[in-house]
Every structure is written in structure tokens, then in C-alpha cells.
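Trainee: using only what follows, build the 3D model:
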Amino acid sequence: MVKARNYSINYLILGLSFLLILTSYQGLAVFFKGTNIVNPDCTRIYAAQAGDTCESLIEFFDLNAQVFNDINPNLNCDNIFVGEWLCTNGTIST
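Mentor: Numbers count the residues shown, from 1 in each chain. Below is the predicted model of the structure:
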């Protein structure tokens, strides 16, 4: 009786684990559906200096703001630190 109960619990855990994995996968598919994931290929970089802002860099390198943001996807414009490598020219693939 105890063995049968252990098997039932094991199958229940296995089934629930499978459902958890399946729903997690489906959730990711729904989350990313319709989201454009860009892959920047940087051809020119710049080390940030004291006082640099996204706006000043966009103006200095004569860039479009959207392109600058696309080629620097992880950049926090509110917190650019000295020496941070920034992409100033490149291509974007999706």
C-alpha cells in the first residue's frame, strides 16, 4: 500500500513538473510573439567620458536617436558611466 502511494506521488510530481515546463515554454512564446529582437553588429565604439549623455552623443556622432538606442540595447541613458563602451556605428539584424 505504501509503495503504491509513493508511485502515485511520484507520478503526480512528474506530471506537475511536465505541466510547469510546458506552460513556461508557452508563456515565453506568447511573451516574445510580436516582439522585434534586434541584434546589433557594432563597427565603431566609443568609451564614454565624464559628462556624456545620450543626447550629446547622438548629436556628436550625428546619429538618429532610434538607431543609437537600437545599437546600444542595454544602455541606461540615465546612468552612463565613464569608460562605458558605446556603439556609435553599426548595423541591426532581426
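
Trainee: could you list the domains of the protein?
Mentor: As assigned by automatic domain parsing, the chain contains the domains 1-35, 39-93.

Trainee: deepest of those, which one?
Mentor: With neighbours defined as mean count of other CB atoms under 10 Å, these peak in mean count at domain 39-93, which reaches a mean of 13. Any C-beta I mention is one placed from the backbone N, CA and C, and that applies to glycine too.

Trainee: going along the chain, name the helices of this structure.
Mentor: In chain order, the chain shows helices spanning 2-32, 54-60, 65-71, with DSSP state H as the criterion.

Trainee: rewinding a little: adding mean pLDDT, write the domains of the chain out as a markdown table.
Mentor: Formatted as a markdown table, the entries for these read as follows, by pLDDT from 0 to 100:
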| stretch | mean pLDDT |
| --- | --- |
| domain 1-35 | 65 |
| domain 39-93 | 93 |
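
Trainee: quick check: closest non-adjacent residue to residue 54.
Mentor: Nearest residue to residue 54, sequence neighbours excluded (CB to CB, 6 or more residues apart in numbering): residue 77, at 3.9 Å.

Trainee: can I assume that neighbour is in contact with residue 57?
Mentor: No. With contacts counted by CB atoms under 8 Å, residue 77 stays clear of residue 57, the gap being 9.4 Å.
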